[in-house]
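Peer 1: task: produce atomic coordinates for the following.
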Amino acid sequence: MPGEGEQRGSPLNLVLGYAFWQKRFAGDPAVIGKHIAVDGRPATIIGVAPRDFHGLLFAFDMDGYLPLSITALGEDGNSLWGDRDDRSLMLFARMKPGLSLAQAQGSVDVVAKRLAAQYPTADRGLEFLVIPERRARPAPRVSSFVPVIATLFLMLPGLVLLLACMNVANILLARAAAREREMAIRAAIGAGRRRLIRQMLTEGLLVALLGGAAGVVLGELAIAAAGALLRPVTTSSAGYAFRIDCQFDWKVFAYTLLAAVLTGIFVGLWPALRAGRADLNAVLHESGRGEQGNRHRLRSSLVVAQVAGSLMLLVVAGLLVRSLSHAEHMFLGFEPEHVVSVMLDPHQVGYNQARTKNFYRELERRVRALPGVNSASLARTVPMAYPSQGSSIFVKGRQLPPDQKPPEISYNGVDPGYFPTMRVPLLRGRSFTDSDSETAPWVAIVNQTMAGRLWPNEDVLGKRFSLKSASGPWIEVVGVAADGQYWFISSDPQPYFYVPLAQDYGSLASLQARTAGPPEAMLPVVQREIQRLAPDMPIMQAATMQETVHGLAGLFIFQLAASLAGILGAMGLLLAVVGTYGVVSFSAVQRTHEIGVRMALGATRGDILNLISRQGLMLVAGGVLAGVLAAFGLTRAMSKVLMGVSPSDPVTYVAVVVLLAAVSFAACWIPARRSTRVDPMVALRYE
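Peer 2: Next up is the predicted model:
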């Protein structure tokens with residue numbers, strides 16, 4: 001039996017997305033039962049999705065939900081469900097309780113073998129992969145890329161938090177050491193161990209809670225800044241409902257608050273326990289003249305860890321910044337300057353195939369005639385704006401092994417003006433012409449990577465392949481284009497090909513126009529021309545190609561990653577410098593009496609400067625060595641997110657080490673310099 005909405009003229013039902021219901025209908029419950037138009041067809045609103053359900057697409061908040069069966073009805077009224085070569089759907093299933101992913105994969109493998117036996121021409125060699133739903137976002141083909149990004153940006157803030165906790169611990173341990181005499185006096189006059197522990201815990205927790213409160217305020221400001229940064233990118237004239245969650249997360253806050261509280265407990269409890277066990281006579285006799293060995297080693301170890309963590313953050317930031325620079329200057333396979341792009345879909349207002357073709361033909365003619373337009377073209381999509389379609393490729397005369405599936409390669413339908421308008425270099429063969437119509441033999445232009453993978457060391461011109469099956473129908477290769485970036489920016493070359501738009505009909509298409517002047521000024525002119533031709537035509541997206549290149553599928557991810565890593569790296573550097581300065585400064589104060597003795601015995605200011613600064617520089621050297629080794633391990637996992645930069649890039653490592661060494665030297669030199677100005681007579685009387 002046909003599914004709901006599959007028969008021509010059958011009633012069409014729609015479920016609204018919650019956000020769209022609130023935005024468009026102000027949350028009016030009376031919207032249920034209202035009649036609207038969807039793609040020119042009458043539809044009835046029958047429900048609203050739950051508030052917390054946003055659909056199954058990454059970063060998109062669905063405006064509405066229609067029966068899947070309506071996609072099976074072509075414009076000619078024929079059902080498309082019988083086309084076994086159409087594999088544009090993903091199957092979502094909820095596993096039975098207690099069933100593992102491996103068991104589910106085994107069951108699906110059985111189904112795959114049965115289908116291959118039943119339909120050897122279409123389904124032989126197909127692989128059915130079972131993956132968790134979260135790994136299907138934003139798409140299975142990049143599912144291995146997203147967890148790397150997510151893990152990286154969970155680790156970096158966690159490392160900053162760890163450095164901050166170590167810094168707080170170091171400062172409070174230094175304060176506890178300075179108050180050791182006070183604690184001894186309190187114990188000597190009758191304060192019990194429990195009383196000392198309670199006092200130190202109270203002070204530590206108070207500092208932690210005050211820091212947590214300040215962190216909430218700063219976190220809210222950072223969230224607002226992040227939202228402002230994302231808003232221009234996620235705001236699209238296409239009306240797409242991008243969903244980037246920049247709201248305050250209480251889970252994250254609870255995690256950071258717990259870490260701060262635990263740090264406060266540790267730095268308060270540890271000195272108190274030591275004070276309760278200390279030899280009062282020894283402490284009072286020392287009079288704070290020296291720092292005990294265990295405590296000094298602990299604080300020194302914390303500084304080494306801070307410097308190592310800071311170096312790791314700076315290396316990651318440096319690699320991402322260099323990766324961004326490479327991505328910004330790389331050849332994209334086209335020239336985005338002075339190009340505007342407008343995405344349309346006449347099917348949304350009920351245009352049939354004939355009317356859609358006439359509309360696009362007339363629109364392209366009018367835009368080409370506009371003053372300030374050098375050339376114009378039409379394409380199914382443009383790079384980094386809308387996902388390209390893909391298909392399995394069957395090479396003529398080449399039999400695949402029974403266990404091997406045909407390669408799946410993305411492609412684009414373009415008209416003859418696309419290559420000169422977008423300035424895509426054509427390396428060999430010819431471009432498309434008006435004679436490549438829907439009745440002419442099918443042709444294609446492949447890129448270098450596709451030519452090299454499918455026909456290595458062969459003349460690719462004249463080769464044939466099919467998108468349907470190993471028996472045809474065949475498409476002849478008539479040209480080779482330069483490699484480029486297509487769906488999203490990637491360091492790995494992607495196979496890709498183009499077919500004439502006339503031979504690959506689709507109602508969704510993009511108009512490109514190369515302008516003589518600023519493209520921003522031409523964009524509203526092109527939009528007005530569209531409205532003159534078809535006043536009811538919705539414009540899905542209108543942007544310059546420079547804006548598209550810097551969008552979500554383009555450079556924005558690299559810019560965001562480099563910016564966040566740079567901020568975290570600067571914070572880590574600041575924490576390391578503060579920690580180093582604090583240890584060296586406190587050690588210099590603790591050694592004031594020793595410095596006075598040395599100066600009284602003839603030590604020069606240079607000797608004192610070397611003595612104090614050497615301690616800090618040794619800690620920095622140990623931290624740098626540990627940080628370099630740890631960074632080598634961390635950056636190995638970053639290879640997938642780097643563009644044109646090796647994870648062990650020597651320029652980045654050398655620059656980071658020099659920067660950290662220079663700043664740390666200043667942090668050691670300042671307190672050491674101050675120590676040389678101590679009056680020996682005052683130092684000898686220092687307690």
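
Peer 1: in stretch 453-468, what counts as buried?
Peer 2: Of the residues in stretch 453-468, Leu454, Trp455, Val460, Leu461, Lys463, Arg464, Phe465, Ser466, Leu467, Lys468 count as buried by neighbour count, 16 or more other C-beta atoms under 10 Å. Glycine gets a C-beta too; all of them are placed from N, C-alpha and C.

Peer 1: next step: those residues restricted to strands.
Peer 2: Those of these mapping onto strands are Arg464, Phe465, Ser466, per DSSP state E.

Peer 1: show me what the first one bridges to in the sheet.
Peer 2: Right, Arg464. Note on Arg464: beta-bridge partners by DSSP bridges are Glu476.

Peer 1: quick check, nearest of the ones in strands among the buried residues of stretch 453-468 to His326?
Peer 2: Nearest to His326 out of those is Phe465 (C-beta to C-beta; 33.0 Å).

Peer 1: the closest one reaches Pro473, doesn't it?
Peer 2: No - if you go by C-beta atoms under 8 Å, Phe465 and Pro473 don't touch, sitting 10.4 Å apart.

Peer 1: go through the buried residues of stretch 453-468 and say which is closest to Val340.
Peer 2: Leu467 (30.7 Å).

Peer 1: check contacts around the residue nearest to Glu438 when sequence neighbours are not counted.
Peer 2: Nearest non-adjacent residue to Glu438, counting by C-beta to C-beta, 6 or more residues apart in numbering: Ala502, 5.1 Å away. By C-beta atoms under 8 Å, 6 or more residues apart in numbering, Ala502 lies in contact with Asp415, Asp436, Ser437, Glu438.

Peer 1: ok but the third one is inside a strand, no?
Peer 2: No - read with DSSP: H, G, I helix; E, B strand; the rest coil, Ser437 is coil and lies in no strand.

Peer 1: next, count neighbours for it.
Peer 2: Using other C-beta atoms under 10 Å, Ser437 has 10 neighbouring residues.

Peer 1: list the contacts of it.
Peer 2: Ser437 neighbours (C-beta under 8 Å, 6+ apart): Pro500, Ala502, Gln503.

Peer 1: kindly report the same for the first one.
Peer 2: Under the criterion of C-beta under 8 Å, 6+ apart, the neighbours of Asp415 are Glu364, Ser377, Leu378, Ala379, Phe432, Pro500, Leu501, Ala502.

Peer 1: which ones among those map onto strands?
Peer 2: Per DSSP E, strands hold the following members of the contacts of Asp415: Ser377, Leu378, Ala379, Pro500.

Peer 1: determine which two of those are furthest apart.
Peer 2: The span of the ones in strands among the contacts of Asp415, defined through C-beta to C-beta, is set by Ser377 and Pro500 at 11.9 Å.

Peer 1: need the residues touching each of these two.
Peer 2: What both Ser377 and Pro500 touch, as defined by C-beta under 8 Å, 6+ apart, is the set Val414, Asp415, Pro416.

Peer 1: could you dump those residues into TSV with pLDDT added?
Peer 2: Putting the shared contacts of Ser377 and Pro500 into TSV (pLDDT from 0 to 100) gives the following:
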residue	pLDDT
Val414	94
Asp415	94
Pro416	94
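
Peer 1: Leu201 reaches Leu262, doesn't it?
Peer 2: No - applying C-beta under 8 Å as the test, Leu201 and Leu262 come out as separate, 11.8 Å apart.

Peer 1: what about the residue lying closest to Cys668 once chain neighbours are set aside, helix or strand, and which?
Peer 2: Spatial nearest neighbour of Cys668, excluding adjacent residues (C-beta to C-beta, 6+ apart): Gly616 at 3.3 Å. For Gly616, the element it lies in under DSSP states H and E is helix 605-635.

Peer 1: could you figure out how far the helix or strand following that helix is turned away from helix 605-635?
Peer 2: Next in sequence after helix 605-635, counting helices and strands by DSSP H and E, comes helix 650-675. Put simply, helix 650-675 runs at 150 degrees to helix 605-635, going by axes from the mean of the first three to the mean of the last three C-alpha atoms, to 10 degrees.

Peer 1: helices or strands next to helix 650-675 in the packing?
Peer 2: helix 293-329, helix 556-590, helix 605-635 (3 or more C-beta pairs under 8 Å, 6 or more residues apart in numbering; DSSP states H and E).

Peer 1: one step back: now render the ones in strands among the buried residues of stretch 453-468 as CSV, adding distance to Asn13 and pLDDT.
Peer 2: Supplementary listing: these in CSV, determined by distance: C-beta to C-beta, whole Å; pLDDT from 0 to 100:
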residue, distance to Asn13, pLDDT
Arg464, 45, 94
Phe465, 41, 94
Ser466, 38, 92
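
Peer 1: could you dump the residues you listed into CSV with distance to Phe253 added?
Peer 2: Output for those, formatted as CSV (distance: C-beta to C-beta, whole Å):
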residue, distance to Phe253
Arg464, 61
Phe465, 55
Ser466, 56
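
Peer 1: tell me the one of the residues you listed nearest Ala655?
Peer 2: Closest to Ala655, out of all of these and judged by C-beta to C-beta, is Phe465, at 47.6 Å.

Peer 1: and that closest one, how far from Ala112?
Peer 2: 24 Å (C-beta to C-beta, to the nearest Å).

Peer 1: average pLDDT for whichever strand or helix holds Ala225, rounded please.
Peer 2: Element membership for Ala225 (DSSP H and E) is helix 193-234. For helix 193-234, the mean per-residue pLDDT is 73.

Peer 1: okay but Val373 is in contact with Thr515, surely?
Peer 2: Yes - using C-beta under 8 Å, Val373 is in contact with Thr515, at 6.0 Å.

Peer 1: ok now do the residue lying closest to Leu533 once chain neighbours are set aside, which residues does it touch?
Peer 2: Nearest residue to Leu533, sequence neighbours excluded (C-beta to C-beta, 6+ apart): Leu363, at 5.8 Å. Residues in contact with Leu363 (C-beta under 8 Å, 6+ apart) are Leu511, Glu529, Ile530, Leu533.

Peer 1: dump the residues you listed to CSV, plus distance to Pro50 and pLDDT.
Peer 2: Shown next, in CSV, are the contacts of Leu363 (distance: C-beta to C-beta, whole Å; pLDDT from 0 to 100):
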residue, distance to Pro50, pLDDT
Leu511, 38, 94
Glu529, 42, 93
Ile530, 37, 93
Leu533, 41, 92
